[in-house]
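Sequence plus predicted model, see below.
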Amino acid sequence: MSVDLNHTIVPSRDKRASAEFLAGILGLSAAPQWGPFVPIKTANGVTLDYMDVDEVQKNHYCFIVTEPEFDVIFGRIRERGLDFWADPHHEKPGEINHLYGGRGVYFDDPDGHNMEVITQPYA
């Protein structure tokens, strides 16, 4: 049996602004609104469907990228002056990690979701 993740809903206070923020950091495009959602489609076909809500419950989203893509994404994070951390608990500010022979970084989106970009999957 094959099971793949198709989409997930990302709660936000401003779905268009939040989707465009993440799309801009990752080098993706926020699609036109579809129903109540503003989707971002990743390379493996999964969509993050941003939806406006009154109260945002913060979540964690992790994206795996190549080493060259990490350089570009991390450059965008720094160019925008975003705070970033080497860990999910935000205890190592201004650092990236080097877990499993790769690199990783955490940053918050406008709604406080904990975004992570890594170059190697966790063992």
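Great, that's in hand. Numbering: from 1, shown residues only.

could you pull out the helices for the chain?
15-26, 67-79 (DSSP state H).

With distance to residue 61 and mean neighbour count as extra columns, can I get those in JSON lines?
Quick note: C-beta positions are derived from backbone N, CA and C, even for glycine. Compiled in JSON lines, these are given as follows (distance: least, C-beta to C-beta, whole Å; neighbours: other C-beta atoms under 10 Å):
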{"stretch": "helix 15-26", "distance to residue 61": "8", "mean neighbour count": "20"}
{"stretch": "helix 67-79", "distance to residue 61": "13", "mean neighbour count": "14"}
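
what's the closest of those to residue 52?
Distances from residue 52 to each of the helices of the chain were compared using C-beta to C-beta; the minimum, 4.9 Å, belongs to helix 15-26.

what does stretch 77-91 contact?
With contacts defined as C-beta atoms under 8 Å, 6 or more residues apart in numbering, stretch 77-91 is touched by 25, 60, 74, 92-97, 104-108, 114, 116.

ok, back up a step: let me have the helices of the chain in TSV, extended by distance to residue 38.
As requested, the helices of the chain are exported to TSV (distance: least, C-beta to C-beta, whole Å):
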stretch	distance to residue 38
helix 15-26	4
helix 67-79	20
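
Thanks again, I'm all set now.
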